[in-house]
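J.: Here is the input, now give the coordinates:
(one chain, ligands or ions: 2)
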Amino acid sequence: MSESAVQFPLRRVLLSDDVDPRCVAILADAGIDAQLKVGLAPDALIAELTSGGYEGLVVRSATKVNRQVLEAATALRVVGRAGTGVDNIDLNAASERGVLVLNAPGGNTVSAAEHACTLLLGLTRRVHLADASMRAGRWDRKKFLGTELHGKTLAVVGLGRIGREVANRMRAFGMRTIGYDPMVTPEQAKEFGVEWMELDKLWPEADAVTLHVPLLPHTENLVNARVLASCRRGVFIINAARGGLVQEADLLAALESGQCGGAGLDVFAVEPPQDARLLQHERVLTTPHLGASTIEAQSRVAVEIAEQFVRLARGEGVHGAVNGEGLAANPETAAWQLLARRLAQLAAAGVAAGLAGPNGDRLRLRLRAPAALARLARPLQAAAAAGALATRGESRGLVGAVAAANKQGIDVDFEVAEAEVVKKGAAAPTTLEIDCPDRRPGWSVGGVGSGPALTRCCGRELSQPLVLDGTVALLQAGAAQLPPVQRLLAAARSADGSCVVCRLDGPAAVEGSQLCVTFS
Ligand SMILES: NC(=O)C1=CN([C@@H]2O[C@H](COP(=O)(O)OP(=O)(O)OC[C@H]3O[C@@H](n4cnc5c(N)ncnc54)[C@H](O)[C@@H]3O)[C@@H](O)[C@H]2O)C=CC1
Ligand SMILES: O=C(O)C(=O)COP(=O)(O)O
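T.: Ligands and ions are numbered 1, 2, ... in the order given. Okay, the predicted model is just below:
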């Protein structure tokens with residue numbers, strides 16, 4: 001297995017939340033030791049992860065995978081979220097530590113959507129109050145006058161997987177659906193039956209608002225006093241996404257003033273919620289984060305996350321990588337990544353050896369790729385960053401490699417190399433090249449993905465491709481001085497004979513060589 005392919009050693013996995021048993025079964029079938037230990041306090045979680053040497057951790061929303069946990073659990077390589085939202089995982093800390101975070105997107109979409117609709121329907125017909133009254137032995141048919149949804153306007157904030165499903169279902173109740181999502185165009189929204197509008201236009205139009213956005217710094221307290229004041233009097237607020245999206249004190253004040261007609265809440269800023277006033281308010285219908293709690297959703301997310309762990313253990317691609325932009329999804333990508341990594345290692349070693357002139361402390365590597373590889377920009381940048389870091393003695397995988405390189409003063413740019421205009425009809429480039437655009441004299445290396453092999457050096461073609469494996473030495477000299485190196489194995493020389501690149505049998509310093517790189 002090559003160093004840049006997506007392979008994670010996953011021998012032991014801890015499941016620290018209540019995940020469907022299918023997850024353990026699939027992991028165990030694949031020979032992975034999976035331990036279910038639910039409800040560990042933060043300290044106990046750290047102690048278990050460190051003493052158990054777990055390489056994988058599976059969580060739902062209860063376990064907080066914060067920086068402290070990630071820094072303490074040094075064996076940890078992958079955190080899997082058996083669900084959608086990853087706000088309980090510190091993604092920055094995970095990326096810095098090279099820990100891959102995965103989720104199971106889509107497995108609980110329908111359940112979460114059905115639950116949001118349930119909250120809206122239950123709230124507007126005051127089902128929770130009527131039920132409590134019946135249980136108390138009463139038969140009160142006057143107290144629970146409801147509101148019809150037909151002909152009313154529902155504002156869907158966040159038109160992703162769940163938001164669209166909610167809109168579809170509520171249109172069946174005769175609601176007009178309007179919505180906002182910065183990643184969705186008005187034309188796209190129209191195709192799935194939602195009238196797109198900016199938030200400031202949307203709030204005053206809504207009889208009910210339902211939230212379906214992730215909790216991010218820019219969505220925190222999205223619904224606050226100002227927003228509630230701009231809504232219609234009596235607006236219903238449904239939140240089955242994340243507690244932090246609604247400013248709870250502002251919501252309580254709006255409920256008390258009558259500006260908000262009722263709230264259906266499945267999620268809370270702190271879970272379990274601390275402030276009983278909101279929970280006990282007559283016009284509030286609550287559930288304890290049950291959006292994804294159905295037999296079907298739990299089964300799907302458990303299987304989805306377990307199967308991704310098994311694929312990672314086998315070196316295969318996964319679809320739910322949250323911080324894994326750099327991961328190769330298939331063998332072809334992996335081959336180009338390995339080339340990018342090794343070319344970057346060679347390029348950075350060349351700079352360190354003084355082949356490119358000094359120009360500031362930062363090292364800018366420019367990846368120039370054929371147009372066919374443009375879609376792989378991020379995986380290739382990650383691989384090149386990991387290669388450049390290897391030259392500085394920092395061995396790491398692809399997760400978070402670009403950020404780690406940036407921190408070390410290394411930037412990796414990406415551009416598509418066009419066929420040179422002067423050579424009319426010239427074939428499009430097929431090699432990947434790395435150069436250092438800020439440095440003079442020019443220093444560049446280029447190669448092809450199969451192998452991976454070096455085919456160009458300092459802008460010149462080599463007489464034969466040189467596989468970038470083992471130890472490679474580069475020697476620049478006039479043609480007359482070259483013969484002594486011909487005794488070296490697998491020498492490849494540039495077209496004008498001024499540069500020889502050789503592969504050696506083992507690590508060795510070549511007399512007179514400008515640089516010597518060992519790939520591993
Ligand atoms: N209550 C529960 O048990 C569950 C809650 N959830 C929550 O629901 C959220 C949404 O889930 P999905 O629809 O599957 O995610 P998604 O990623 O398919 O959709 C989220 C959408 O929100 C949009 N968005 C981001 N910032 C926005 C903003 N400022 N304004 C409007 N839209 C914005 C994104 O562009 C995206 O289209 C999850 O992040 C999770 O927090 C998900 C599943 C179950
Ligand atoms: O998938 C999500 O984002 C959820 O909120 C579901 O959370 P849970 O797995 O039920 O703790």
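
J.: Determine the longest helix present in the chain.
T.: In the chain, assigned by DSSP state H, the helix with the most residues is helix 331-352.

J.: neighbours around the residue in the chain that ligand 1 sits nearest to, how many?
T.: Residue of the chain nearest ligand 1, by C-beta to the nearest ligand atom: Gly160 (1.8 Å). Every residue, glycine included, has its C-beta placed from N, CA and C. Applying other C-beta atoms under 10 Å, we find 17 residues neighbouring Gly160.

J.: circling back to that earlier point, what helices or strands is the longest helix of the chain leaning on?
T.: Judged by 3 or more C-beta pairs under 8 Å, 6 or more residues apart in numbering; DSSP states H and E, the packing partners of helix 331-352 are strand 363-369, helix 377-391, strand 432-435, strand 444-448, strand 453-457, strand 471-476, strand 515-518.

J.: can you redo these as a markdown table with mean pLDDT, distance to Gly315 and mean neighbour count?
T.: Formatted as a markdown table, the helices and strands packed on helix 331-352 follow (pLDDT from 0 to 100; distance: least, C-beta to C-beta, whole Å; neighbours: other C-beta atoms under 10 Å):
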| stretch | mean pLDDT | distance to Gly315 | mean neighbour count |
| --- | --- | --- | --- |
| strand 363-369 | 92 | 23 | 22 |
| helix 377-391 | 92 | 15 | 26 |
| strand 432-435 | 92 | 22 | 24 |
| strand 444-448 | 88 | 22 | 23 |
| strand 453-457 | 86 | 22 | 22 |
| strand 471-476 | 74 | 25 | 22 |
| strand 515-518 | 78 | 23 | 19 |
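
J.: Out of the ones you listed, which gets nearest to Glu48?
T.: Glu48 lies closest to helix 377-391 among those, at 30.1 Å (C-beta to C-beta).

J.: in the following helix or strand past that closest one, what's buried?
T.: Remark: after helix 377-391, the chain's next helix or strand is helix 401-407, criterion DSSP states H and E. By neighbour count on 16 or more other C-beta atoms under 10 Å, the buried set for helix 401-407 is Ala401, Val402, Ala404, Ala405.

J.: Now render those residues as TSV, adding pLDDT and distance to ligand 1.
T.: Converted to TSV, the buried residues of helix 401-407 look like this (pLDDT from 0 to 100; distance: C-beta to the nearest ligand atom, whole Å):
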residue	pLDDT	distance to ligand 1
Ala401	92	25
Val402	91	23
Ala404	91	26
Ala405	94	28
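
J.: Determine which two of those are furthest apart.
T.: Largest separation among the buried residues of helix 401-407 by C-beta to C-beta: Val402 and Ala404, giving 7.4 Å.

J.: what's around the nearest residue in space to Leu222 that is not next to it in sequence, how many residues?
T.: In space, and not counting its chain neighbours, Leu222 is closest to Leu245: 4.9 Å by C-beta to C-beta, 6 or more residues apart in numbering. Neighbour count of Leu245, defined by other C-beta under 10 Å: 24.

J.: picking that back up, buried residues, the longest helix of the chain. List them.
T.: Those would be 333-351, for helix 331-352 by 16+ other C-beta under 10 Å.

J.: Could you list the low-pLDDT ranges of the chain?
T.: By pLDDT under 70, the weakly predicted segments of the chain are 1-7, 328-329, 358-360, 419-429, 475-491, 493-500, 502-514, 520.

J.: Would you mind listing the residues in contact with the spatially most central residue of the chain?
T.: Nearest to the geometric centre of the chain sits Val322, at 2.0 Å (C-alpha atoms, centre = their mean). By C-beta atoms under 8 Å, 6 or more residues apart in numbering, Val322 lies in contact with Arg81, Val86, Leu91, Val101, Leu102, Asn103.

J.: Could you rerun that using 6 Å?
T.: Shown in contact with Val322 (C-beta atoms under 6 Å, 6 or more residues apart in numbering): Val86, Val101, Asn103.

J.: how much space between it and ligand 2?
T.: Val322 sits 12 Å away from ligand 2, going by C-beta to the nearest ligand atom, to the nearest Å.

J.: cool, and Ala229?
T.: 29 Å.

J.: Now that residue: which helix or strand?
T.: Using DSSP H and E, Ala229 sits within helix 225-230.

J.: in that helix, what counts as buried?
T.: Neighbour-count burial for helix 225-230 flags Val227, Leu228 (criterion: 16+ other C-beta under 10 Å).

J.: can it be found next to ligand 1?
T.: No. Using C-beta under 6 Å from any ligand atom, helix 225-230 never reaches ligand 1; the gap is at least 11.8 Å.

J.: ok, then the element right after that helix?
T.: Following helix 225-230 in sequence, per DSSP H and E, is strand 235-239.

J.: quick revisit: so which elements touch the helix holding Ala229?
T.: If you count contacts as 3 or more C-beta pairs under 6 Å, 6 or more residues apart in numbering; DSSP states H and E, helix 225-230 packs onto helix 199-205.

J.: Up against ligand 1, what does this structure have?
T.: Neighbours of ligand 1 within the chain, by C-beta under 6 Å from any ligand atom: 84-85, 108-109, 112, 157-163, 180-183, 212-215, 218-219, 240-242, 266-267, 289, 291-292.

J.: mind running it again at 5 Å?
T.: Contact residues (C-beta under 5 Å from any ligand atom) of the chain with ligand 1: 84-85, 108, 112, 158, 160-162, 181, 183, 212-214, 219, 240-242, 266, 291-292.

J.: Of those, which are in range of ligand 2?
T.: Filtering these for proximity to ligand 2 by C-beta under 5 Å from any ligand atom leaves Thr84, Gly85, Ala292.

J.: So Ala386 sits against Ala401, correct?
T.: Yes. With contacts defined as C-beta atoms under 6 Å, Ala386 counts as touching Ala401 at a distance of 4.3 Å.

J.: For the stretch 101-250 of the chain, just list every one of the strands.
T.: Assigned by DSSP state E, counting those that start in this stretch, the stretch 101-250 of the chain shows strands spanning 153-157, 176-180, 195-196, 208-211, 235-239.

J.: Next, count neighbours for Val157.
T.: Using other C-beta under 10 Å, Val157 has 25 neighbouring residues.

J.: In this structure it contacts Leu211, no?
T.: Yes. Using C-beta under 6 Å, Val157 is in contact with Leu211, at 5.1 Å.

J.: The closest residue to Arg161 other than its chain neighbours: neighbour count?
T.: Nearest non-adjacent residue to Arg161, counting by C-beta to C-beta, 6+ apart: Thr109, 4.4 Å away. Residue crowding around Thr109 was assessed by other C-beta under 10 Å; the count is 22.

J.: What separation do you get for Thr109 and Gly163?
T.: Taking C-beta to C-beta, to the nearest Å as the measure, Thr109 falls 10 Å from Gly163.

J.: got the contact list for the residue of the stretch 251-400 of the chain found nearest ligand 2?
T.: Relative to ligand 2, the nearest point of the stretch 251-400 of the chain is Ala292 (3.7 Å; C-beta to the nearest ligand atom). Contact partners of Ala292, counting by C-beta under 6 Å, 6+ apart, are Gly83, Asn108, Ser111, Ala112.

J.: Next one: the third one relative to Arg314, how far apart?
T.: Right, the one you point to is Ser111. Per C-beta to C-beta, Ser111 is found 29 Å from Arg314.

J.: Could you do the first one as well?
T.: Distance of Gly83 to Arg314, given as C-beta to C-beta: 23 Å.

J.: Repeat that for Ala371.
T.: Distance, Ala371 to Arg314, by C-beta to C-beta: 31 Å.

J.: do the same with Ala253
T.: As judged by C-beta to C-beta, Ala253 and Arg314 stand 54 Å apart.

J.: ok, Gln308 to Gly53 distance?
T.: Distance, Gln308 to Gly53, using C-beta to C-beta: 21 Å.

J.: For these two, indicate the residue with more neighbours.
T.: Between Gln308 and Gly53, counted using other C-beta under 10 Å, the more crowded position is Gln308 (22 against 12).
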